[in-house]
Every structure is written in structure tokens, then in C-alpha cells.
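K.L.:
give me a 3D structure for the following:
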Amino acid sequence: MKAGGIKGIAFSVMLIVGVPICAGPPVPFLDDTEPGLDLPFSGDPDTTEAGCAQDAPRASAGGEGGKMHNELLECDNWDFSPRQWGQASFLQGSFILGDSTASDDGAWSCPGNFQKPNGGISGPCNNPTVRAVTTYRNQPAPGPSSSDGAPMDPNKDWVLRFDFKIEFVAGDTFGSDKLFEISSRTIGGGGNTSDLVQLNGGFGVDEASFSPEGLQDRYYVNHGPWLPEVGDHDLRAQNQANSLIDIPMDEGTVTVHYRSAVQLLDLYFNDQLVLADFESLSGHYDVDFIQLGGGSTSFEIAQFDNITLGILAATGTCGPQGPGTSVSGDFNCDGVVDVADLGIVGANFNTTQVTYVDGDANLDNVVDVADLGVVGANWSAAQAALLARSLSVAGLTGVIPEPATIGVLGVGLIWVGKRRR
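P.N.:
Below is the predicted model of the structure:
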């Protein structure tokens with residue numbers, strides 16, 4: 001498996017299980033009773049389906065045939081829609097499903113732009129943009145506009161997480177490219193946004209104060225406090241804070257954590273906390289709208305993947321979100337991995353749109369042989385001993401493997417018997 005695939009699976013496990021064992025950024029959890037957003041961008045990047053190409057027909061702004069804005073009309077192997085939580089409101093650029101650096105099943109990719117000989121950027125993906133709103137599970141956006149989402153509860157911690165990759169042609173800089181913004185549309189409603197935070201290229205900021213020579217390949221976090229008593233927009237903008245992230249950010253994982261107890265935000269890049277304890281631009285924290293990409297200049301090649309906005313994952317509880325403190329593979333959450341858990345895998349084998357308690361041990365949204373391997377690896381000692389006795393009675397004692405592999409063999413034998421019946 002390629003490194004990106006391993007990274008994707010590792011994140012998927014962390015996403016639903018709860019707070020990771022090792023130190024690092026918090027992870028989002030999609031709760032049935034809370035709004036959220038889940039945009040995995042899935043499919044086969046190497047498909048040969050005729051409608052899957054940059055120049056293939058795309059849905060109009062109103063959407064057609066069940067497709068969203070700008071999605072490929074004749075391509076069924078690529079899925080750009082949110083999964084259960086969330087609703088995409090705007091997808092800009094001739095994007096395709098490209099090979100992801102963060103998962104095995106592709107990413108929203110916008111390749112093909114180039115720098116013209118006389119300057120400027122041209123190509124099929126000028127100003128690539130992904131916009132989406134939060135919803136409750138399997139519910140439409142509740143507002144009068146399709147851009148009004150179901151706001152996250154500011155009394156609870158929430159977490160936004162996404163993977164990205166940006167590439168530039170020779171001689172270009174970050175310019176005023178916007179990597180992301182998160183907003184609340186509940187303040188104005190009807191599609192009017194009020195930003196909580198933005199991450200912008202330094203070229204668009206007041207260079208005398210914020211873009212010293214040599215730092216135009218860096219991002220700035222635009223955040224609060226944004227003084228409410230200043231009515232004029234230009235004057236208000238001068239009061240916002242701009243914090244430099246003085247490390248390269250062209251590929252990796254961004255995490256934003258809202259801490260409800262203190263009403264402050266933290267920003268992580270990969271495993272590093274790069275800006276802590278900052279305020280919202282608007283003074284609000286009920287986010288219901290996100291935008292990735294988009295700005296007054298464009299990225300040459302942009303890729304976004306695994307966009308998730310949910311509440312802060314809880315620890316310890318075994319359930320649909322994962323095993324908690326129980327051993328992985330304990331799908332019925334009774335504290336042991338045994339025949340009952342194997343039966344759950346068998347009943348749901350090759351089934352998609354599943355959760356942990358359906359047998360999806362690695363949380364990749366399908367029950368398959370990888371999940372069977374997790375059961376085998378964590379097969380209980382009691383079950384292994386029972387298998388050993390059974391093999392002995394059958395006269396197979398001499399071929400009993402080492403204890404570390406007994407569980408895997410036991411799962412295989414029982415599985416073969418089950419499938420034959």
C-alpha cells in the first residue's frame with residue numbers, strides 16, 4: 001500500500017475512534033444528533049469512463065440529474081457529494097478526481113493551470129473553489145438559501161479538518177490565494193457570510209506590516225478581534241489581526257479546533273499547533289459554512305481531500321464511532337473479540353456505508369478482508385485456546401502455529417466454513 005493510503009486509513013481510524021492515543025491535533029466526530037460536514041471525495045482516479053474528464057459536460061448552477069453545481073454529469077465513478085452530513089453549494093473549476101496524497105480513493109483535484117508568457121495564470125482551473133455547508137445527518141440545508149447550513153453549537157467544541165496539496169509554477173508565490181475560510185451565515189442569513197477565520201497568502205495583506213521581503217510564500221491567519229463598534233467596512237478591516245504562519249504550507253493537514261469553554265480557536269498544521277488562543281473575526285462561533293480555495297489570484301494546481309467538520313471526538317466509548325477503549329474488532333462492544341464479532345463481519349461483508357459496529361474495523365466505509373484481518377489480529381486468548389483444543393482433537397496438533405498467529409488462523413477457518421454454508 002502506498003504511503004498516502006496508510007495515512008488515509010490512519011486518519012480514518014482517528015476520526016471516529018476519539019482522541020488519538022499519541023499527542024496531536026484533536027479530531028472531529030460526526031454525531032447523529034449534531035450537524036456536521038463529511039466530504040471524502042471518493043472513487044477510482046484511474047477510471048476510463050468517458051464522462052470522467054476535465055472537458056466532459058458539467059451540471060449548471062442549479063444542478064441537473066442529481067448532480068451538484070459543476071459536477072460531471074456523465075461520470076458515475078467519481079463522487080464529489082458530501083456523505084450523509086453536509087451539502088455542497090458551489091464547486092468552481094474544471095476539477096477531476098485525482099490521485100490523493102492522503103487517501104486511496106482520490107481527491108478533489110484541479111490540475112492544468114499554467115503561467116502565460118506575458119504573465120498571469122490561465123487554464124481550466126482558474127481560482128479553484130470548494131464551498132459547502134453543514135447539515136444534520138441525511139437532512140437538507142435548513143436555511144432559505146442553499147448556502148445557509150445548520151450551525152454548529154457554540155456551546156460544544158467543534159473541529160474542522162482537511163487534507164490539501166498546492167503546487168505552483170516557477171516564479172509564482174502564494175499571492176493573495178485563500179487556502180480556507182470558515183464562516184457563519186446565521187448572522188445575516190440568505191447567503192450572507194460573516195467570517196470566523198481565514199488563511200490567506202501574504203501578498204494581499206498590507207506588505208509594510210505583514211509581508212517582509214522573502215515571506216510571500218507564507219500564509220497569514222486573519223482573525224479577531226474585529227471591533228464591532230467600527231461601522232465602516234474598510235476601517236473594520238484595519239482592526240482585524242493578521243498572524244504570520246512562518247513555515248511552508250504547501251501540502252498536509254489543517255485542523256481548526258474551537259474550544260467552547262473559553263470561546264477561542266486553535267490552528268494546527270499537521271501535528272504542530274501553529275496558532276493558539278485566537279478569536280473569531282466576527283465574535284461568533286456557530287460555523288455553518290466553509291470555503292477551500294478561492295481568492296483574487298489562483299492556485300495553479302489544487303487538491304482537497306477528507307473535509308470533515310464535526311464535534312470534538314469523545315474518548316472511551318465503544319459504538320458506531322469506533323472501539324473507544326475496547327480492543328479493535330470488538331464490534332458488539334462486549335469487551336472481547338470473538339465469534340460474535342466474526343459473525344458481524346460475515347453478515348455485512350462487502351457492504352458499504354457502514355459504521356464500526358457493522359464490522360468496519362478500519363473505518364474506511366466498507367466491510368472487507370482488511371476488517372477480517374483486524375479481527376484475526378485481536379482474536380481473544382480464550383477463543384485461541386478453544387481453537388487449539390479443537391485442532392488437537394482433530395489430530396492436527398503438530399501443525400498448530402505459534403500463539404501470535406493462532407487467532408488469524410482461527411478466523412480464517414471459521415470464515416471459510418461460514419462462507420461455504
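K.L.:
domain map for this protein?
P.N.:
The chain breaks down into these domains under automatic domain parsing: 3-312, 339-420.
K.L.:
rank those domains by mean pLDDT and give me the bottom one.
P.N.:
Per-stretch mean pLDDT for the domains of the chain is lowest at domain 339-420 (a mean of 67).
K.L.:
for the stretch 251-400 of the chain, which segments are assigned as strands?
P.N.:
251-259, 264-269, 272-278, 289-293, 301-312 (DSSP state E, counting those that start in this stretch).
K.L.:
which residues are contacting the fourth one?
P.N.:
Strand 289-293 is contacted by residues 37, 89, 92, 110, 127-134, 147, 149, 160, 162, 164, 177-185, 193, 299, 302, 304, 307, 309 when judged by CB atoms under 8 Å, 6 or more residues apart in numbering. C-beta here means a position set from N, CA and C on the backbone, and glycine is covered the same way.
K.L.:
wait, a strand at Ile166?
P.N.:
Yes: judged by DSSP: H, G, I helix; E, B strand; the rest coil, Ile166 forms part of a strand.
K.L.:
tell me, how many neighbours does it end up with?
P.N.:
Using other CB atoms under 10 Å, Ile166 has 18 other residues around it.
K.L.:
list the contacts of it.
P.N.:
Ile166 touches Asp177, Leu179, Asp250, Glu251, Phe299, Ile301, Ala302, Gln303, counting by CB under 8 Å, 6+ apart.
K.L.:
most neighbours among those residues, which one is it?
P.N.:
Neighbour max across the contacts of Ile166 (other CB under 10 Å) = Phe299, 31 neighbours.
K.L.:
Phe304 pairs with what?
P.N.:
In this structure, Phe304 bridges to Trp108, Phe164 when assessed by DSSP bridges.
K.L.:
OK, contacts around it?
P.N.:
Phe304 touches Phe41, Ala107, Trp108, Val130, Phe162, Asp163, Phe164, Leu292, Gly293, counting by CB under 8 Å, 6+ apart.
K.L.:
now swap in Gly294 and tell me
P.N.:
Gly294 touches Gln92, Asn127, Pro128, Thr129, Arg131, Lys178, counting by CB under 8 Å, 6+ apart.
K.L.:
go again using 6 Å as the cut-off
P.N.:
Contacts for Gly294 were tallied using CB atoms under 6 Å, 6 or more residues apart in numbering; they are Thr129, Lys178.
K.L.:
distance of it from Pro248?
P.N.:
To Pro248, Gly294 is 21 Å away according to CB to CB, to the nearest Å.
K.L.:
now swap in Val159 and tell me
P.N.:
Applying CB to CB to Val159 and Pro248 gives a distance of 24 Å.
K.L.:
looking at these two, which is more packed in?
P.N.:
Each of Val159 and Pro248 has its neighbours counted (other CB under 10 Å); Val159 has more, 24 against 12.
K.L.:
skip the chain neighbours and tell me the closest residue to the more buried one.
P.N.:
Leaving aside its chain neighbours, Val159 sits nearest to Pro28 (4.0 Å; criterion: CB to CB, 6 or more residues apart in numbering).
K.L.:
for Ser280, same thing?
P.N.:
Ser280's closest residue in space is Leu196 (CB to CB, 6+ apart), at 4.4 Å.
K.L.:
quick check, the one you found in a helix?
P.N.:
No: going by three-state DSSP, the assignment for Leu196 is strand, not a helix.
K.L.:
thinking it is in contact with Phe180, fair?
P.N.:
No: counting by CB atoms under 6 Å, Leu196 stays clear of Phe180, with 10.8 Å between them.
K.L.:
and those two? Which one has more around it.
P.N.:
Leu196 (26 against 22).
K.L.:
residues touching that one, list them.
P.N.:
Contacts of Leu196 by CB under 6 Å, 6+ apart are Ile182, Ser280, Leu281, Val287.
K.L.:
farthest-separated two in the residues you listed?
P.N.:
Leu281 and Val287 (11.6 Å; CB to CB).
K.L.:
these two - which one has more neighbours?
P.N.:
Val287 (28 against 25).
K.L.:
confirm for me that that one is in contact with Ile182.
P.N.:
Yes: counting by CB under 6 Å, Ile182 is a contact partner of Val287 at 4.9 Å.
K.L.:
stretch 251-267: end-to-end distance?
P.N.:
End-to-end distance of stretch 251-267 (CA to CA, to the nearest Å): 15 Å.
K.L.:
any residues touching that stretch, and which ones?
P.N.:
25-26, 155-163, 165, 268-270, 274-278, 285.
K.L.:
give me the buried positions along that stretch.
P.N.:
For stretch 251-267, burial by neighbour count (16 or more other CB atoms under 10 Å) applies to 252-260, 264-267.
K.L.:
could you pull out the helices for this protein?
P.N.:
3-17, 207-210, 233-238, 339-347, 369-377, 381-393, 403-420 (DSSP state H).
K.L.:
what packs against the fifth one?
P.N.:
Under the contact criterion of 3 or more CB pairs under 6 Å, 6 or more residues apart in numbering; DSSP states H and E, helix 369-377 touches helix 339-347, helix 403-420.
K.L.:
now the first one and helix 369-377, what's the angle there?
P.N.:
Meaning helix 339-347. 170 degrees (axes from the mean of the first three to the mean of the last three CA atoms, to 10 degrees).
K.L.:
count the neighbours of the residue nearest to Ala132 when sequence neighbours are not counted for me.
P.N.:
Excluding the flanking residues, the one nearest Ala132 by CB to CB, 6+ apart is Ala88, at 4.7 Å. When counting by other CB under 10 Å, one arrives at 22 neighbours for Ala88.
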